[in-house]
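Student: requesting a structural model of the entry that follows:
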Amino acid sequence: MKKITFFGSPLCPDCDPAREYLLENDIKFEYIDITDSMRSLKVFLAQRDNAPFFDSVKTQGKVGIPAIMIGEGDEFYQAYPGMDLSPFK
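Tutor: Here you go, the predicted structure:
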């Protein structure tokens, strides 16, 4: 299985419930808090600014978290409680 990265922030009201949902379902992932450091923010923005997945998010003026990245940007998913977890198993 490819690496799973969860981009989120404790400042985002949707991030903690989505993160908990993954944890409760034994999905292994790296958590990147985009508000933790400038480096973390840059890691996220490098993906967000180049991946077509985020085009509508940017058009709406939103940040784009909580988001899940598979591999090195091979696939992206919007994270939310109750989401289909089959791509991550």
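Student: which strand residues bridge the residue nearest the centre of the chain?
Tutor: Nearest to the centroid of the C-alpha atoms of the chain, with distances taken as Cα atoms, centre = their mean, sits residue 67, at 2.1 Å. Residue 67 forms beta bridges with residue 7, residue 78, as assigned by DSSP bridges.
Student: ok, it - contacts?
Tutor: 6, 7, 8, 48, 53, 54, 76, 77, 78, 79 (Cβ atoms under 8 Å, 6 or more residues apart in numbering). In short, each C-beta sits where N, CA and C put it, glycine included.
Student: and the pLDDT for it?
Tutor: Looking at residue 67, its pLDDT is 98.
Student: so who does the spatially closest residue to residue 21 that is not a sequence neighbour touch?
Tutor: Excluding its sequence neighbours, the residue lying closest to residue 21 (Cβ to Cβ, 6 or more residues apart in numbering) is residue 81, at 4.2 Å. By Cβ under 8 Å, 6+ apart, residue 81 lies in contact with 17, 18, 20, 21.
Student: among those, which one has the most neighbours?
Tutor: Of all the contacts of residue 81, the most densely surrounded is residue 18 (22 neighbours; neighbours counted as other Cβ atoms under 10 Å).
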